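Student: Sharing a sequence plus its predicted fold:
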Amino acid sequence: MRFLMTLNGGGRPPDEQLYAEMGRFVEELTRAGVLLATGGLDRGTHVVASGGNITLTDGPFTESKEVIVSFALIEVRSKDEALELARRFWKVVGDGEGDIRQVFGPE
Amino acid sequence: MTADASTQAAHRAIEAVWRLESARIIAGLTGLLRDVGLAEELAQDALVAALEQWPAGGIPANPGGWLMLTARHRAIDRIRRNERLAGKLNLLGRELESTQHGAPAEFDDVLDEGTIDDDLLRLMFISCHPVLSTEARIALTLRLLGGLTTEEIARAFLAAEPTIAKRIVRAKQTLASRQVPFEVPSVAERPGRLASVLEVLYLVFNEGYSAMAGDDWMRPSLCGEALRLGRVLAGLMPDEPEVHGLVALMEIQASRLAARLDSDGLPVPLPGQNRGRWDQLLIRRGFTALLRAQELGGTPGPYVLQAAIAACHARAGDAAETDWEQIALLYRALGALAPSPVVELNRAVAVAMAFGPERGLEIVDGLAAEPALAGYHHLPSVRGDLLVRLGRDGEAAEEFRRAAELTRNIPERTVLLRRAAECG
């Protein structure tokens, strides 16, 4: 099963130590055959489509905790494994918010 | 949450930690004890301890470290009480001393990543050791490295649980009685031993790949398990082109999992698959792995060649766009490496696509008397395909019917009989 873990704002300010710890975590997940893709995201452009009208708004946005900052796509055998990996991820990141969602598709 | 619900949640978390960590724990303990059976037993003891303690006391900050440390302490206790293991005390000397003095061992210290990586690789080699039968290697690998329970392995292989349990126990006994060393094989031995590891992973993958709609989900999940272990192995042996070759092959084949069955659960042959349903992420990962294998150089081995064939299909927008000439050449190279009538039959298909059905039929007819293919339903099925393309429908129908009789796979039989009917 695939899960998308997102970091939606928060997290401790990035410094050398965070980069080093995160690098180790990413390598560990890669070597465990679990991490499929990961990346950081620009604050981007918000899209609202309504009745055929498409409105594009550039960030920054007021509800910053709803903005996805980075993501990791992982492949695991159960939701509990995804949750366990999320716990490890958040131990590295520190305070903040995020989501863990199953990605539907081929199992 | 009620007490029951929180206990259940803790148990599920423990199970997940176990799945993620058990291979490394068993590997580390085997490195210490040089006995796979005992290592697994003590690792299980640590799991039981976690099940007893974590629901009440909470999940420790480093659950993998906790399990490893607990298992190690049990190993030390066992050695103290057991004469037979006393000889191993010297290995443990320093650790015994530190625990006797009550020095708090840090979780991070027991998880020396480099050493455990080495032990994990040794565990892969010992689980796939040639003194064991292929079936035993598969069961032991899934048990020790995959963290699957005996029941799950039995379900995945449509076998009875006691059969699998017996197989695993015997495998461990064989490793102990034959005093198989816990080591990464020497350079001289390595190609053969590595081939055995790769074969086990690929057999597990294929078992999952052959699963049909409606099968127990444990069966298709074998693909993911083999792929995961392949990726782990590639991390442990980054300089072995065949490891990357196998990973590439599995990534690319897994990319077609969703497309290989139609909405009725019937198998769809590769040329007819909806390529929009191929998983591009896995294809890219496969290409990356194949590139890595090719960059390492040397004569391409069987997995690199098969991955290269799979990559030809993955690159093509449709069957007509496929570089069949290249595929025919790759099959020739594969056949030269290890002559096999099955490879030759596949080459016939590629040759027919590249140079016309007559040329393919020549090769197929040359295989008719091949004893290894007697009873192999793909032979008449391929022949039927080629005859259709030559407009010889009557003969083709006969071949499809023969193929249908030979296959034991019901959905495949349905497709073959349908094709026979279409030939009139």
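Tutor: That came through fine. Numbers count the residues shown, from 1 in each chain, chains lettered A, B, ... in the order given.
Student: Chain neighbours aside, what residue packs nearest to B:Thr7?
Tutor: Residue nearest to B:Thr7 in three dimensions, not counting chain neighbours: B:Pro55, with 4.4 Å by C-beta to C-beta, 6 or more residues apart in numbering or on different chains. (Each C-beta comes from the backbone N, C-alpha and C, glycine too.)
Student: Now do the helices for chain A: every range, in order, please.
Tutor: Taking DSSP state H as the test, the helices found in chain A are A:16-31, A:79-93.
Student: Is the longest one in proximity to chain B?
Tutor: Yes. Among the residues of helix A:16-31, A:Thr30, A:Arg31 lie within reach of chain B under C-beta under 8 Å from any C-beta of the partner chain.
Student: do you know how far B:Leu144 is from B:Leu229?
Tutor: If you measure B:Leu144 against B:Leu229 using C-beta to C-beta, to the nearest Å, the figure is 11 Å.
Student: what residues are up against the residue nearest to B:Thr7?
Tutor: When contacts are counted by C-beta atoms under 8 Å, 6 or more residues apart in numbering or on different chains, B:Pro55 is found next to B:Ser6, B:Thr7, B:Ala10, B:His11.
Student: so what does the one helix or strand the last one maps to touch, helix or strand wise?
Tutor: Under the criterion DSSP states H and E, the helix or strand holding B:His11 is helix B:3-33. In terms of contacts (3 or more C-beta pairs under 8 Å, 6 or more residues apart in numbering or on different chains; DSSP states H and E), helix B:3-33 is packed against helix A:79-93, helix B:36-57, helix B:63-81, helix B:113-127, helix B:134-144.
Student: Please identify the deepest-packed of these.
Tutor: Of those, the one with the most neighbours on average (mean count of other C-beta atoms under 10 Å in any protein chain shown) is helix B:134-144, at a mean of 24.
Student: How far off centre is that helix?
Tutor: Relative to the centre of its chain, helix B:134-144 is centred 10 Å away, using C-alpha atoms, centre = their mean, to the nearest Å.
Student: how close does the residue nearest to B:Pro411 when sequence neighbours are not counted sit to B:Asn409?
Tutor: Taking C-beta to C-beta, 6+ apart as the measure, B:Pro411 lies nearest to B:Leu266, with 4.8 Å between them; neighbours along the chain are not counted. Shown here: B:Leu266 relative to B:Asn409, a distance of 10 Å by C-beta to C-beta.
Student: Repeat that for A:Val67.
Tutor: In this structure, A:Val67 and B:Asn409 are 50 Å apart, going by C-beta to C-beta.
Student: Neighbour count: the two, which is higher?
Tutor: A count of neighbours by other C-beta atoms under 10 Å in any protein chain shown puts A:Val67 above the other of A:Val67 and B:Asn409, at 19 against 13.
Student: which regions of chain A sit below the pLDDT cut-off?
Tutor: By pLDDT under 70, the weakly predicted segments of chain A are A:61-66, A:106-107.
Student: quick one on the thing from earlier: mind listing what's buried along the helix holding B:His11?
Tutor: For helix B:3-33, a neighbour-count test (16 or more other C-beta atoms under 10 Å in any protein chain shown) marks B:10, B:12-33 as buried.
Student: And stretch B:169-189, by the same measure?
Tutor: Of the residues in stretch B:169-189, those with enough neighbours to count as buried (16+ other C-beta under 10 Å) are B:Ala171, B:Lys172, B:Thr174, B:Leu175, B:Val180, B:Phe182, B:Val184, B:Pro185.
Student: how about the closest residue to the fourth one other than its chain neighbours, what does it touch?
Tutor: If I follow you right, that is B:Leu175. Residue nearest to B:Leu175 in three dimensions, not counting chain neighbours: B:Val36, with 5.8 Å by C-beta to C-beta, 6+ apart. Residues near B:Val36 by C-beta under 8 Å, 6+ apart: B:Ile26, B:Thr30, B:Leu123, B:Ile126, B:Ser127, B:Leu144, B:Lys172, B:Leu175, B:Ala176, B:Phe182.
Student: Dump those residues to JSON lines, plus pLDDT.
Tutor: Putting the contacts of B:Val36 into JSON lines (pLDDT from 0 to 100) gives the following:
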{"residue": "B:Ile26", "pLDDT": "95"}
{"residue": "B:Thr30", "pLDDT": "93"}
{"residue": "B:Leu123", "pLDDT": "97"}
{"residue": "B:Ile126", "pLDDT": "97"}
{"residue": "B:Ser127", "pLDDT": "97"}
{"residue": "B:Leu144", "pLDDT": "96"}
{"residue": "B:Lys172", "pLDDT": "96"}
{"residue": "B:Leu175", "pLDDT": "96"}
{"residue": "B:Ala176", "pLDDT": "93"}
{"residue": "B:Phe182", "pLDDT": "94"}
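Student: From these, pick the one nearest A:Leu35.
Tutor: B:Leu123 (21.9 Å; C-beta to C-beta).
Student: contacting residues for the residue lying closest to B:Asn274 once chain neighbours are set aside?
Tutor: Counting by C-beta to C-beta, 6+ apart, the nearest residue to B:Asn274 once its immediate chain neighbours are dropped is B:Ala259, at 5.4 Å. Contacts of B:Ala259 were listed using C-beta under 8 Å, 6+ apart, and they are B:Val268, B:Gln273, B:Asn274, B:Arg275, B:Arg277, B:Trp278.
Student: Can you tell me which of the helices of chain A is nearest to B:Ile164?
Tutor: The closest of the helices of chain A to B:Ile164 is helix A:79-93. By C-beta to C-beta, the value is 23.0 Å.
Student: Need the CA coordinates for the closest one. PDB is fine.
Tutor: Taking C-alpha atoms only, helix A:79-93 is exported to PDB below (Å, rounded to 0.1, in the frame of the first residue of the first chain):
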ATOM      1  CA  LYS A  79      -1.400   1.400   7.600                       C
ATOM      2  CA  ASP A  80       0.200   0.700  11.000                       C
ATOM      3  CA  GLU A  81       3.600   0.700   9.300                       C
ATOM      4  CA  ALA A  82       2.900   4.000   7.700                       C
ATOM      5  CA  LEU A  83       1.900   5.400  11.100                       C
ATOM      6  CA  GLU A  84       5.000   4.100  12.700                       C
ATOM      7  CA  LEU A  85       7.200   5.700  10.000                       C
ATOM      8  CA  ALA A  86       5.200   8.900  10.500                       C
ATOM      9  CA  ARG A  87       6.100   8.900  14.200                       C
ATOM     10  CA  ARG A  88       9.800   8.500  13.300                       C
ATOM     11  CA  PHE A  89       9.500  11.300  10.800                       C
ATOM     12  CA  TRP A  90       7.900  13.700  13.300                       C
ATOM     13  CA  LYS A  91      10.600  12.900  15.900                       C
ATOM     14  CA  VAL A  92      13.000  14.400  13.400                       C
ATOM     15  CA  VAL A  93      10.900  17.300  12.400                       C
END
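Student: What about B:Val187? Give its phi and psi, please.
Tutor: For B:Val187, the backbone dihedrals (degrees, to the nearest 10) come out as phi -50, psi -40.
Student: Closest residue of the stretch 1-150 of chain B to chain A?
Tutor: Closest contact between the stretch 1-150 of chain B and chain A, by C-beta to the nearest C-beta, is at B:Ala16 (3.6 Å).
Student: Isn't that residue up against A:Arg88?
Tutor: No. Because the distance of 11.1 Å does not satisfy C-beta atoms under 8 Å, B:Ala16 is recorded as not touching A:Arg88.
Student: What is the burial count for the closest residue to A:Arg2 other than its chain neighbours?
Tutor: Nearest residue to A:Arg2 in three dimensions, chain neighbours excluded: A:Val103, at 4.1 Å (C-beta to C-beta, 6+ apart). In terms of burial, A:Val103 registers 12 neighbours under the definition other C-beta under 10 Å.
Student: I'd like to know how far the closest residue to chain A within the stretch 301-424 of chain B sits from B:Trp278.
Tutor: As assessed by C-beta to the nearest C-beta, chain A sits closest to B:Ala314 within the stretch 301-424 of chain B, at 15.0 Å. Using C-beta to C-beta, one gets 7 Å for the distance from B:Ala314 to B:Trp278.
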